[in-house]
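Q: predicted model, plus sequence, below.
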Amino acid sequence: MTSRTTRFLALVAALPLVLSTAGVVTATGDAAPGSARKGVTQSKRIVVKWNAAKHKRHPVYQKTADVPGIGQVDLICQPDTTMIKLHANDRRAETQMWLAKFETKDGTDRVAVKNVRIYTYATASDDGKGGTGPQAHEGLNQGAHGIEDFQKGSAYGVISQRPGRDRDAGGSLAVPATAFKLTWYWERFAYPGSQYCKMTLALKTDTDQQFGLNWHGTPEATSHTTSSTTIPGFGKAELTCEPDTGDTEGRQSVALRLDSPDPDAYMDYTYLQSEGSTNDPKHYEVHTDLQYDPVTGLLGPVDLPRNGMMRIKWHVNGVSRTWVLSSYMVTNNDERPWLNVCEVAAAPLP
């Protein structure tokens, strides 16, 4: 019996408890079984703003917002703590908050792609003793020696969840994905009594506009290498994520199949990976004006990043909308194929 199967059976006894404490999202519409319920929409905006000179008695250093189906997110700005923190309702799930941070660092405009994870089983071979707690965070200060006196920046990202890596991932998204935009600004932190901070977080959840694809292990991938999700008014978002087979590399791509021909349709997309200058295409690579192909009926396909993010803009029938996509995959582990993984989630930006 494989380690994946052993742990799966061990979790069956705990399943009623999980279902009693976590929201269950049912599937309707033309989505695949197990995908997030159509029609879940929520927009939320929270602001942390304080001025030490004006708010001496009751400064508000933290605000919290719900992330539907997943948990909560905190926005924190204190003179010794500046961060965005994610809480997951189910630590056994694979919960991810991807964000691309934009800052000026050492006189250079930089991007840093971060993946804040909450999990019990990091891989299908994990014994469950490591993992994380039920929360994780990303700090917004730049240095390793405390909070800077002055700092500003922005970020955008996506929060998503799928079953833990000890289990099959199920193909389509099983809970809603939430996209967000974040800005921060603080000053005079080295001068008690004169400090100032403002952070703003906008979140958007819309299951009619999201899409994704997940599998854990090459055996599951054989039935989940593609997904197709209808996006009203645009067409079908098509994802492909194949494991490598021998000397042949699998395809990993995203495309939009239009409902009807539109010769003026186009696609802009940006790759964001690791950390570095926004002038370095290894970290920030912009592609614009990819034209509609009348033969295939597609915008795309274009490659997915193996460990990073994309910002995708589709313009169809005079309407433009932008999505943020996270993508992590291991597709070439021939010796231990059960450790191969593909986790892709996309949601519309606020």
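A: Thanks, I have the structure now. Numbers count the residues shown, from 1 in each chain.

Q: can you give me the pLDDT of S3?
A: Confidence per residue is given as pLDDT, and for S3 that number is 42.

Q: make 353 the starting number, not 1.
A: In the new count, where the first residue is 353, that last one comes out as S355.

Q: please enumerate the strands of the stretch 503-652 of the chain.
A: Taking DSSP state E, counting those that start in this stretch as the test, the strands found in the stretch 503-652 of the chain are 503-514, 530-539, 548-558, 563-568, 578-583, 587-593, 604-610, 618-624, 627-629, 636-643, 650-655.

Q: compute the distance between the closest residue in space to E594 that isn't next to it in sequence and L701, please.
A: In space, E594 comes closest to G602 once its chain neighbours are excluded; the distance is 3.0 Å by C-beta to C-beta, 6 or more residues apart in numbering. All C-beta atoms are positioned from the backbone trio N, CA, C, and that covers glycine. Using C-beta to C-beta, to the nearest Å, G602 is found at 29 Å from L701.

Q: for S612, same thing?
A: In terms of C-beta to C-beta, S612 sits 25 Å off from L701.

Q: sketch out the low-pLDDT regions of the stretch 553-702 of the chain for me.
A: By pLDDT under 70, the stretch 553-702 of the chain has no low-scoring segment.

Q: ok, 90 please
A: In the predicted model, the stretch 553-702 of the chain carries pLDDT under 90 at residues 597-601, 686.

Q: do the stretch 353-502 of the chain as well
A: Screening the stretch 353-502 of the chain residue by residue with the criterion pLDDT under 90, one finds the ranges 353-392, 405-411, 458, 479-482, 494-498.

Q: that one: strands as residue ranges?
A: In the stretch 353-502 of the chain, the strands defined using DSSP E, counting those that start in this stretch lie at 393-403, 414-419, 423-430, 433-440, 446-457, 460-470, 487-491.

Q: switch those strands over to TSV; also include mean neighbour count.
A: Listed next are the strands of the stretch 353-502 of the chain as TSV, based on neighbours: other C-beta atoms under 10 Å:
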stretch	mean neighbour count
strand 393-403	15
strand 414-419	17
strand 423-430	20
strand 433-440	21
strand 446-457	22
strand 460-470	19
strand 487-491	17
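
Q: format these as TSV; extra columns: distance to G564.
A: Formatted as TSV, the strands of the stretch 353-502 of the chain follow (distance: least, C-beta to C-beta, whole Å):
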stretch	distance to G564
strand 393-403	17
strand 414-419	15
strand 423-430	18
strand 433-440	17
strand 446-457	11
strand 460-470	15
strand 487-491	20
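
Q: out of those strands, which gets nearest to A526?
A: strand 446-457 (10.8 Å; C-beta to C-beta).

Q: what's that closest one packed up against?
A: Using 3 or more C-beta pairs under 8 Å, 6 or more residues apart in numbering; DSSP states H and E as the contact test, the elements touching strand 446-457 are strand 433-440, strand 460-470, strand 487-491, strand 503-514, strand 659-668, strand 671-682, strand 693-700.

Q: switch the cut-off to 7 Å
A: Applying 3 or more C-beta pairs under 7 Å, 6 or more residues apart in numbering; DSSP states H and E, one finds that strand 446-457 contacts strand 460-470, strand 503-514.

Q: returning to that earlier point: number of residues surrounding the residue nearest to E594?
A: Counted with other C-beta atoms under 10 Å, the neighbours of G602 add up to 18.

Q: if I look at it, how far off is Y621?
A: With the distance defined as C-beta to C-beta, G602 ends up 20 Å from Y621.

Q: wait, A617 touches Y644, no?
A: Yes: with the criterion set as C-beta atoms under 7 Å, A617 and Y644 qualify as a contacting pair; they are 4.1 Å apart.

Q: comparing the two, which residue is more hemmed in?
A: In this view A617 and Y644 are compared by other C-beta under 10 Å, and A617 has more residues nearby, 23 against 20.

Q: please report how far that one lies from L525.
A: Looking at A617 against L525, where the rule is C-beta to C-beta, the gap reads 25 Å.

Q: can you check G564 too?
A: Using C-beta to C-beta, G564 is found at 4 Å from L525.

Q: mutual contacts of the two, please.
A: When contacts are counted by C-beta atoms under 7 Å, 6 or more residues apart in numbering, G564 and L525 have S512, A697 as shared neighbours.

Q: and G480, what does it touch?
A: Applying C-beta under 7 Å, 6+ apart, the residues contacting G480 are T472, Y473.

Q: before we move on, the earlier item: so which of the helices and strands packed on strand 446-457 is nearest P486?
A: Between these, strand 460-470 lies closest to P486; by C-beta to C-beta that is 6.5 Å.

Q: strands paired with that closest one, and their directions?
A: In the sheet, strand 460-470 lines up against strand 446-457 (antiparallel), strand 627-629 (antiparallel) (DSSP bridges).
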